[in-house]
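Enquirer: When you get a sec, could you give me coordinates for this:
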Amino acid sequence: MDLQDVREILASIMKVKGRQPFFDIHAHPFEVMFDPRQYQPLPESDGLFSSGNSRYVPPQLTPLKLQNSDPDRVLDLDERLRAKACQLKLRRIYSHTGPKVFADRMALSGIEKVLLLPVMGPDNGADNQLQTMCEVFGNDDRFLFGYCVPNGISNGDCVAEVRRVLAEYSVRALKVHPSVTGINPGRREGVERLEWILDASQQTNLPVIIHGGLSPDCQDRQAIAFGKLQNLQQIDWSLTTQSVVIAHGGCFGHTAAEAQKKIIPLLTGMLNRHDNVFIDISGLGFDILCLLLRQIETQRILFGSDALYESQWSTLVKLWCGLRQSRRNPEEDLLRIAGMNPAKLLAQRPSVTAVENQVASVPEA
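Expert: As a prediction, this is how the structure comes out:
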């Protein structure tokens with residue numbers, strides 16, 4: 001679609017939106033695959049933080065192609081060349097961050113609030129990233145914070161650590177990225193780690209957002225498939241009564257054929273078994289998005305963009321186009337997916353005292 005088409009579609013979306021607030025429950029304040037970069041505020045621009053000397057260029061609407069979901073052929077490159085190309089690309093995307101960077105993107109898409117999700121590497125601590133998030137975004141109520149429990153926290157200390165972080169930083173969700181953090185749900189120790197995180201979710205009233213699918217850009221080649229749905233379906237997500245969101249509909253890194261034949265059947269089974277499991281639509285090709293919209297009920301879908309990796313406005317445009325192709329009441333479904341469903345997810349208030357007198361124990365298998 002050309003630029004005029006994009007503008008007209010966004011105008012239609014804003015007309016449907018009316019006064020309903022829109023939320024993005026899946027955005028990253030910092031790049032997650034490589035070591036976090038150091039940012040400095042730019043005095044000449046309030047709310048803009050830079051990791052280098054490049055000039056900040058505000059985002060703009062562009063023509064949009066509703067692309068398919070075939071894997072990028074960059075996977076065929078020599079592994080070292082591929083890693084270098086990926087790092088250069090992501091450094092460019094995340095050369096700037098801060099309230100201004102996100103606000104400029106939110107203005108193009110009509111999004112009022114964003115949940116920012118940090119991701120810990122296998123050897124990273126958490127407080128430095130949380131402190132940076134607070135310094136950069138903490139004075140702007142448009143931004144809510146997630147928390148990723150680092151590997152340095154033992155299983156038995158997970159609940160106490162989440163309570164501490166919740167009290168200090170007012171986080172609103174727990175983020176899990178099996179491939180980046182190094183949690184393998186295909187092994188018993190990985191299952192136990194996720195069970196402890198679910199226990200922390202239950203005891204603090206925090207929802208969980210977990211990467212679903214492959215992670216082709218993961219530096220640890222052995223960890224690329226840790227988040228695949230064949231692993232995640234083995235977890236008893238009912239160990240928490242809080243919402244669990246399978247990011248990317250469990251389809252990240254898969255082709256549309258793989259999604260249709262292998263992934264979505266597993267996903268629908270998980271949704272049928274666990275009333276508290278949902279999906280978000282971040283980072284999906286248009287064909288897979290349409291498959292999910294046709295097979296998953298609207299009440300179980302939430303809007304997430306994967307910004308800054310992806311643009312919020314293009315994700316919203318793809319959602320609207322997909323709904324118009326797949327649903328009888330696209331206007332109502334848009335309001336639910338981008339508005340009411342994420343609002344409900346974030347409406348539950350976290351608690352550091354609800355069960356503070358209980359002694360944490362390993363959840364039963």
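Enquirer: Pass me the low-pLDDT residue ranges in this structure, would you?
Expert: Applying pLDDT under 70 to the chain flags residues 69-78, 126, 354-365.
Enquirer: Show me what the longest strand anywhere in it is packed up against.
Expert: In the chain, taking DSSP state E as the definition, the longest strand is strand 244-252. Using 3 or more C-beta pairs under 8 Å, 6 or more residues apart in numbering; DSSP states H and E, the elements in contact with strand 244-252 are strand 23-27, strand 208-213, helix 229-232, helix 264-273, strand 277-280, helix 286-295. Glycine gets a C-beta too; all of them are placed from N, C-alpha and C.
Enquirer: Toward the C-terminus, what is the element adjacent to the last one?
Expert: With elements assigned by DSSP states H and E, the helix or strand that comes after helix 286-295 is strand 301-302.
Enquirer: Need the residues that contact that following strand.
Expert: Strand 301-302 has contacts (C-beta atoms under 8 Å, 6 or more residues apart in numbering) with 25, 245, 278-281, 292-293, 336-337, 341-342, 345.
Enquirer: for stretch 231-241, same thing?
Expert: Here stretch 231-241 has contacts from 178, 184-186, 190-191, 194-195, 198-199, 201-202, 208, 210, 212, 225, 244, 246, 250, 266, 269-270, 273-277, 363, using C-beta under 8 Å, 6+ apart.
Enquirer: From those, keep the buried residues only.
Expert: 178, 184-185, 190-191, 194-195, 198-199, 201-202, 208, 210, 212, 225, 244, 246, 250, 270, 274, 276-277, 363 (16 or more other C-beta atoms under 10 Å).
Enquirer: quick one on the thing from earlier: can you check which of the helices and strands packed on strand 244-252 gets nearest to S12?
Expert: Of all the helices and strands packed on strand 244-252, helix 286-295 sits nearest to S12, with 17.3 Å by C-beta to C-beta.
Enquirer: Just want the angle from that closest one to strand 208-213.
Expert: 120 degrees (axes from the mean of the first three to the mean of the last three C-alpha atoms, to 10 degrees).
Enquirer: Can you list the buried residues in helix 286-295?
Expert: Result for helix 286-295 [16+ other C-beta under 10 Å]: buried residues 286-293.
Enquirer: now stretch 143-163
Expert: Judged by neighbour count using 16+ other C-beta under 10 Å, the buried positions of stretch 143-163 are 143-151, 153, 155, 158-159, 161-163.
Enquirer: biggest separation within those, which pair?
Expert: Using C-beta to C-beta, these span at most 30.1 Å, a distance reached by F143 and N155.
Enquirer: Now do the SS call for R164.
Expert: Under DSSP: H, G, I helix; E, B strand; the rest coil, R164 falls in the helix class.
Enquirer: same check, this time on L144
Expert: Classification of L144 using three-state DSSP returns strand.
Enquirer: Run through the bridge partners of it.
Expert: For L144, the beta-bridge partners under DSSP bridges are L115.
Enquirer: Next, the distance between the ends of stretch 239-259.
Expert: 27 Å (C-alpha to C-alpha, to the nearest Å).
Enquirer: How about stretch 165-175?
Expert: End residues of stretch 165-175 are separated by 13 Å (C-alpha to C-alpha).
Enquirer: For L229, list the residues it contacts.
Expert: Shown in contact with L229 (C-beta under 8 Å, 6+ apart): 212-213, 246, 250, 263, 266-267, 270.
Enquirer: Format the contacts of strand 301-302 as JSON lines; extra columns: distance to D127.
Expert: Below are the contacts of strand 301-302 laid out as JSON lines (distance: C-beta to C-beta, whole Å):
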{"residue": "I25", "distance to D127": "23"}
{"residue": "V245", "distance to D127": "25"}
{"residue": "F278", "distance to D127": "29"}
{"residue": "I279", "distance to D127": "30"}
{"residue": "D280", "distance to D127": "27"}
{"residue": "I281", "distance to D127": "31"}
{"residue": "L292", "distance to D127": "36"}
{"residue": "L293", "distance to D127": "39"}
{"residue": "R336", "distance to D127": "36"}
{"residue": "I337", "distance to D127": "34"}
{"residue": "N341", "distance to D127": "31"}
{"residue": "P342", "distance to D127": "27"}
{"residue": "L345", "distance to D127": "25"}
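Enquirer: which of these sit farthest apart?
Expert: L293 and L345 (18.7 Å).
Enquirer: Am I right that A103 sits in a strand?
Expert: No - under three-state DSSP, A103 falls outside any strand and is assigned helix.
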